[in-house]
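Undergrad: Sequence and predicted model, in that order:
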Amino acid sequence: MSDARTTIGRREWASIPEFGLINVKVKIDTGAYSSSIHASLIEEKNGILYVIFLDPTHPNFQNTSYSFKKFRIKKVKSSNGIIQERYFIKTKIFLGKCKISTEISITQRNGMRYPILIGRKLLNNRFIIDTSLKYTLNTNS
């Protein structure tokens with residue numbers, strides 16, 4: 001019996017075209033349940049979520065503003081044990097040839113090396129992670 005899942009490394013390339021983010025370096029984090037993306041501004045007004053993706057250390061994050069009418073708020077425990085409420089939105093992420101509809105949390109990841117973190121919920125039953133590998137996926141997919 002063969003396993004049709006793709007093997008990926010601990011760091012990969014991903015794209016979220018909806019946000020103009022193409023070939024962004026992401027961290028594969030099997031310790032995180034959900035995936036998250038860095039935003040410099042996260043603000044809710046009158047039932048609309050406003051987000052700005054800006055980070056001078058990540059050239060794909062170019063001060064682009066988005067608004068979302070559909071979102072949810074969920075409590076998330078971070079790696080340092082702090083529980084915070086986060087906004088979650090639905091989007092499509094491309095990892096290699098895989099186009100995945102998923103829910104991703106929006107959070108301020110200031111100072112983090114990777115602006116996007118890919119968690120278990122997205123990875124399960126799709127990928128095998130080999131931590132000795134990095135950047136295995138074709139970025140032209």
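TA: Cool, got the structure.
Undergrad: how near is I129 to K99?
TA: From I129 across to K99, the span is 19 Å (CB to CB, to the nearest Å). The C-beta positions use only the backbone N, C-alpha and C, and glycine is treated the same way.
Undergrad: the more surrounded of these two?
TA: I129 (17 against 12; other CB atoms under 10 Å).
Undergrad: From K69, how far out is that one?
TA: Distance from I129 to K69, by CB to CB: 35 Å.
Undergrad: before we move on, what about K121?
TA: Relative to K69, and taking CB to CB, K121 is found at 23 Å.
Undergrad: With G47 instead?
TA: G47 sits 7 Å away from K69, going by CB to CB.
Undergrad: Can you point out the buried residues in the longest strand anywhere in the chain?
TA: Ranked by residue count, the top strand of the chain under DSSP state E comes out as strand 83-95. By neighbour count on 16 or more other CB atoms under 10 Å, the buried set for strand 83-95 is 86-89, 91, 93-95.
Undergrad: Sheet partners, orientation included, of the helix or strand of the chain with the lowest mean pLDDT?
TA: Across the helices and strands of the chain, mean pLDDT, DSSP states H and E gives its lowest value to strand 62-68, namely a mean of 87. Each strand that pairs with strand 62-68, with its direction, by DSSP bridges: strand 48-54 (antiparallel).
Undergrad: C-alpha coordinates for the partner strand, PDB please?
TA: Taking C-alpha atoms only, strand 48-54 is exported to PDB below (Å, rounded to 0.1, in the frame of the first residue of the first chain):
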ATOM      1  CA  ILE A  48     -16.100  44.400   9.800                       C
ATOM      2  CA  LEU A  49     -12.500  43.100  10.300                       C
ATOM      3  CA  TYR A  50      -9.800  45.400   8.900                       C
ATOM      4  CA  VAL A  51      -6.300  44.000   8.300                       C
ATOM      5  CA  ILE A  52      -3.100  45.400   7.000                       C
ATOM      6  CA  PHE A  53      -0.300  43.100   5.900                       C
ATOM      7  CA  LEU A  54       2.900  45.200   6.300                       C
END
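Undergrad: All set, thanks.
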